[in-house]
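Asks: Kindly return the folded structure for what I paste below:
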Amino acid sequence: LEEVIDNEDGTFTKQLFHADYTLWVESEVRKLPNQNYQTHGEQKTYHKDGYLESVETFRNGLKHGKFISYNEKKEVTSEGEFKQDKKVGSWVYYFALSKQIQVHETYYDNGNLHGQYRDSHNNGELRARGVMKNGRMDGLWSFYYIDGTQEYQIKFDNGIPQDRLTYYGMDGKVKWEKSL
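Replies: Numbers count the residues shown, from 1 in each chain. Sure thing, here's the model as predicted:
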């Protein structure tokens, strides 16, 4: 179901509803010459249970500006920014039950990952770390067991594995290496 509200100030609000008539999406929209509506401004998305799920900004029908998602406790679960429908800058994803960062990513203006990359296990221990260069793994990457002990290490050049893969046991000692 869909409803467009003509606000007193000359703006429009478009609302989409779940099958049970609970609010799903509420967007600031503008009317185009062809009489269609285009999202332009803030859009809020709601979970079927009624809590706010995300807030994002649109410009000319494209995601453009801040994005924030929430869980049922109104805690931020992810945040970042879009530019012309592509992720840009710093994006952070949090664990569901804490404010600890699970994943931290950095994007170029073209939407490709670029810069330091970190991912964590559910217990907060580091899972992977390395550098992304224009959307590809680059340089030395390290991966970790759930207890934080290094599991393996591999070097990349523009997304292509280089040299060798080094695998470590839970005791931290090299178990084997494989030339690439």
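
Asks: switch to C-alpha atoms for all contacts and neighbour counts from now on
Replies: Will do.

Asks: V92 and Y107 touch, don't they?
Replies: No - using Cα atoms under 8 Å as the test, V92 is too far from Y107 to be in contact (11.2 Å).

Asks: Please say which of these two ends up with more neighbours.
Replies: The neighbour count for V92 versus Y107, taken as other Cα atoms under 10 Å, is higher for Y107 (24 against 18).

Asks: For the more buried one, give me the pLDDT.
Replies: Y107 carries a pLDDT score of 88 in this model.

Asks: Next, count neighbours for Q84.
Replies: As a burial measure, Q84 scores 17 neighbours (other Cα under 10 Å).

Asks: go on, G148?
Replies: Using other Cα under 10 Å, G148 is surrounded by 17 other residues.

Asks: Name the helix or strand for it, please.
Replies: Here G148 is covered by no helix or strand, with elements defined by DSSP states H and E.

Asks: got a list of what the nearest residue to it once chain neighbours are set aside touches?
Replies: Excluding the flanking residues, the one nearest G148 by Cα to Cα, 6 or more residues apart in numbering is E125, at 5.4 Å. Applying Cα atoms under 8 Å, 6 or more residues apart in numbering, we find E125 in contact with 146-148.

Asks: Same question for N110.
Replies: By Cα under 8 Å, 6+ apart, the contact list for N110 reads 86-88.

Asks: got it, and K155?
Replies: Contacts of K155 by Cα under 8 Å, 6+ apart are 138-141, 161-165.
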